[in-house]
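Undergrad: I need the structure of the sequence given here:
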Amino acid sequence: MSGSHFSAQQARVGKFKIRALRDASFALDGGAMFGVVPRALWQKLTPVFDDNTIPCATNPFLIECREHVIVVETGLGRRWDEKQRSMFHIDYSQGHCLVESLAAAGVNPEDVTHCLLSHAHWDHAGAACDAEGKPMFPNAKYWLDEVELEASLQADHMRRASYRREDVQPLVDAGLLHTFREHQEIVPGVTMQTFGGHSEGLSLIKFEDAGETAAFWTDFVPTRNHVHLPFIMAYDMDASRSYEIRQQLIPLACEEQWLCMLYHDPVSPLGHFTFDGRKYGFAALTSDQQGTG
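TA: Next up is the predicted model:
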């Protein structure tokens, strides 16, 4: 099961230069990824493997602005045994990993000033620490909703499959982890706002400048195939809350033409939401729309 072709898309939103990175590829159960949507519908949207899983990516993002070097999310990382790699079809065949993606952009781990985690599930925070369990970005301020920190350190029986204590404990021990509740401005123009739904402390991350907005949708909208409002994952702890959030934010993003950053999309991490009068969709960023300056 090979990883999807990846092209490092990039764009500029006001003062922010945004670049899609890639960590490992993996696969998750298609039924779980689309919740109550019948397979007869979702199988038309994505390849389906023999075990009913579908291809997923982990796309962290690099945002550069003056003295700030920000990484949003980290990917799966390398701290997985063979059984786990087999179970989730974790694929490094293209050589992608967070550090290599950063290097291709001319950034070393020591250069990163901020690492923003929308939540602490293992597929989002797995590379917050390196293969030796040390913080990946030794000079960075890591930011996470305080509810997510509590869940990752003391996960109950409903959540323990989604969190790994070892993803965040070293950050706490090193004094690098900063927490907030509900809303936090990280640096001017960069905010994290907690909405919940998928997990209790799930945060939308926005970059705003000069009348333009980019939003990291995390698991509110994991792939291009999840923009249609009812397409909500079975993994969501509160599906009704997820629908409420999507109903509020997706039309706004479409109307205001936010640049949308999709974490699990295996093909196009950057683009814009669209509306055809009946349902919402996704238009991938074209080469002409990609800014390199």
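Undergrad: separation between residue 252 and residue 262?
TA: Distance, residue 252 to residue 262, using CB to CB, to the nearest Å: 17 Å. C-beta here means a position set from N, CA and C on the backbone, and glycine is covered the same way.
Undergrad: now do residue 223
TA: 6 Å.
Undergrad: Of the two, which one has the most company?
TA: Set side by side, residue 223 and residue 262 show unequal neighbour counts under other CB atoms under 10 Å, the larger going to residue 262 at 28 against 25.
Undergrad: For the more buried one, give me its contacts.
TA: Applying CB atoms under 8 Å, 6 or more residues apart in numbering, we find residue 262 in contact with 59, 217, 221-224, 268-271, 282.
Undergrad: Just give the number of residues close to the nearest residue to it once chain neighbours are set aside.
TA: Across the structure, with CB to CB, 6 or more residues apart in numbering as the measure, the residue nearest residue 262 apart from its sequence neighbours is residue 269 (5.3 Å). Taking other CB under 10 Å as the criterion, the count of residues near residue 269 is 30.
Undergrad: out of the contacts of residue 262, who's nearest residue 10?
TA: The nearest member of the contacts of residue 262 to residue 10, counting by CB to CB, is residue 270 at 7.6 Å.
Undergrad: quick one, what contacts the closest one?
TA: Under the criterion of CB under 8 Å, 6+ apart, the contact list for residue 270 reads 9-11, 18, 20, 259-262, 284-285, 290.
Undergrad: can you give me phi and psi for it?
TA: phi -120, psi 140 (degrees, to the nearest 10).
Undergrad: Which PyMOL command selects the buried ones in the contacts of residue 270?
TA: Once 16 or more other CB atoms under 10 Å is used to decide burial, the buried members of the contacts of residue 270 can be selected in PyMOL as follows:
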select buried, resi 9+10+11+18+20+259+260+261+262+284+285+290
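Undergrad: for the contacts of residue 270, which one is nearest residue 34?
TA: Using CB to CB, residue 262 is the member of those that lies nearest residue 34, at 15.5 Å.
Undergrad: first to last residue in stretch 187-206, what's the distance?
TA: By CA to CA, to the nearest Å, the extent of stretch 187-206 from end to end equals 11 Å.
Undergrad: C-terminal to the lowest-mean-pLDDT helix or strand in the chain, what's the next element?
TA: When the helices and strands of the chain are scored by mean pLDDT, DSSP states H and E, helix 82-87 comes last with a mean of 92. Along the chain past helix 82-87, the next helix or strand (assigned with DSSP states H and E) turns out to be helix 98-104.
Undergrad: And that next one, what's buried?
TA: For helix 98-104, a neighbour-count test (16+ other CB under 10 Å) marks 98-99, 101-102 as buried.
Undergrad: Of all pairs in those residues, which one is the farthest apart?
TA: With CB to CB as the measure, no two of the buried residues of helix 98-104 lie farther apart than 99 and 101, at 7.3 Å.
Undergrad: Which one of the contacts of residue 270 is nearest to residue 88?
TA: Distance to residue 88, by CB to CB, is smallest for residue 262 among those, at 19.3 Å.
Undergrad: where does the closest one sit relative to residue 152, distance-wise?
TA: Computed as CB to CB, the residue 262 to residue 152 distance reads 23 Å.
Undergrad: got it, and residue 248?
TA: Using CB to CB, which is the criterion applied here, residue 248 is 27 Å from residue 152.
Undergrad: the more surrounded of these two?
TA: Counting neighbours by other CB under 10 Å for residue 248 and for residue 152 shows that residue 152 has the greater number, 27 against 10.
Undergrad: Quick check: the more buried one is in a strand.
TA: No. With DSSP: H, G, I helix; E, B strand; the rest coil as the criterion, residue 152 is helix rather than part of a strand.
Undergrad: and it, what does it touch?
TA: Contacts of residue 152 were listed using CB under 8 Å, 6+ apart, and they are 120, 125, 163-165, 167-168.
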